[in-house]
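Asker: Model the following, please.
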Amino acid sequence: MSDGFHLLDIVFFAMVAAFLVLRLRSVLGRRTGTERPPPEAMARRGTGAPSPDNVIDLKAVRKPEPIPPGPAASGLAAIRAADPSFSPQAFLTGAQSAFAMIVGAYAAGDTGSLRPLLSDEVYRNFAAAIDARRRAGERLETQLVHIRAAEPVEAGLDGRFARVTVRFASDQVNVLHGPDDAVIEGDPRRVTEVVDEWTFRRDLRSPNPNWELVATRSPGV
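Answerer: Below you'll find the model as predicted:
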C-alpha cells in the first residue's frame, strides 16, 4: 500500500515539474540563435564600447611605428628612445603644415601668425625682412603650388632638446612687386622648384607638444 502511495507521489511531482517547465518556456521563450542582444549590450555596441568578453588589448599587439630609412634614421631612433610617443610620420605631417603656414604668413607679412611657430632668432630675422619690405613699399606674392617631398636629413638630441632637419622640395610662384605694383622680381606665370632645409626643435621636458623652427638654409649655401 505504501509502495502505491510512493508511486502516486512520484507521478504527481513529475506532473508538477512538467507544468512548471511549460510555464517557464511560455514566459521566457526558447533561444533560437536569432535573439536580439540585451539592452546593455546594444547600448555598448551603439557607443562603440567593447563588451567584456570581446576586448582586445591593443597595447599588447600594437607594433611601434618603423623609423624611416635614410640619413636621419639613427637620430630619429634616438629621439624615439627619449620620447616613446614620438612619431616620425606625424612629425613630418606637422612639419609640412608648418611649412605651408610659415611660407604664406611670411609673404603676407603676418608676424602674428609667425611668432608662435618660430624661435626668437628666426622670428627676428623674418620680422626684419618683412619690415624692410614694408618700408620699401614692396609686396611679396607667394603661391605654394605643391610640396613634392619632405625628407628628414638630420636628427638627434641636444641635451633635452630634439632637433630634426627636413628638406622640403616644393613648387612655388614667387613675385616681388614694387611700390607701383610693377614686378621687380619673379614671374607670375612661372612655377619654380624651391628646395629648403628647415630645422625644427622641441623641448622634450615641456608639456607643449609643438615644435618650433630654429634655422633655415638652402642646400649648398
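
Asker: where exactly do the strands run in this structure?
Answerer: 139-158, 161-177, 183-186, 192-203, 212-217 (DSSP state E).

Asker: correct me, but residue 186 touches residue 178?
Answerer: No - Residue 186 lies out of contact with residue 178 (Cβ atoms under 8 Å); the separation is 11.7 Å. Any C-beta I mention is one placed from the backbone N, CA and C, and that applies to glycine too.

Asker: So the two - more neighbours on which side?
Answerer: The neighbour comparison of residue 186 against residue 178 (other Cβ atoms under 10 Å) goes to residue 186, with 17 against 13.

Asker: roughly how far apart are the more buried one and residue 105?
Answerer: The gap separating residue 186 from residue 105 is 19 Å, by Cβ to Cβ, to the nearest Å.

Asker: highest average neighbour count across the strands of the chain?
Answerer: The highest mean neighbour count among these, using mean count of other Cβ atoms under 10 Å, belongs to strand 161-177: a mean of 19.

Asker: Who are the packing partners of that one?
Answerer: Secondary-structure packing of strand 161-177 (3 or more Cβ pairs under 8 Å, 6 or more residues apart in numbering; DSSP states H and E): helix 73-82, helix 88-108, strand 139-158, strand 183-186, strand 192-203.

Asker: want to try JSON lines for these, with distance to residue 67 and mean pLDDT as columns?
Answerer: Below are those laid out as JSON lines (distance: least, Cβ to Cβ, whole Å; pLDDT from 0 to 100):
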{"stretch": "helix 73-82", "distance to residue 67": "5", "mean pLDDT": "97"}
{"stretch": "helix 88-108", "distance to residue 67": "6", "mean pLDDT": "97"}
{"stretch": "strand 139-158", "distance to residue 67": "10", "mean pLDDT": "97"}
{"stretch": "strand 183-186", "distance to residue 67": "39", "mean pLDDT": "95"}
{"stretch": "strand 192-203", "distance to residue 67": "17", "mean pLDDT": "97"}
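
Asker: Contacts only, for the residue nearest to residue 75 when sequence neighbours are not counted.
Answerer: Leaving aside its sequence neighbours, residue 75 sits nearest to residue 155 (Cβ to Cβ, 6 or more residues apart in numbering; 3.0 Å). With contact set as Cβ atoms under 8 Å, 6 or more residues apart in numbering, residue 155 has these partners: 72, 74-76, 78-79, 162-165.

Asker: Residue 155 pairs with what?
Answerer: residue 164 (DSSP bridges).

Asker: Nearest to the spatial middle of this structure, which residue is it?
Answerer: Centroid-nearest residue in the chain: residue 90, 5.1 Å away (criterion: Cα atoms, centre = their mean).

Asker: The protein - how does it break down into domains?
Answerer: 2-46, 68-217 (automatic domain parsing).
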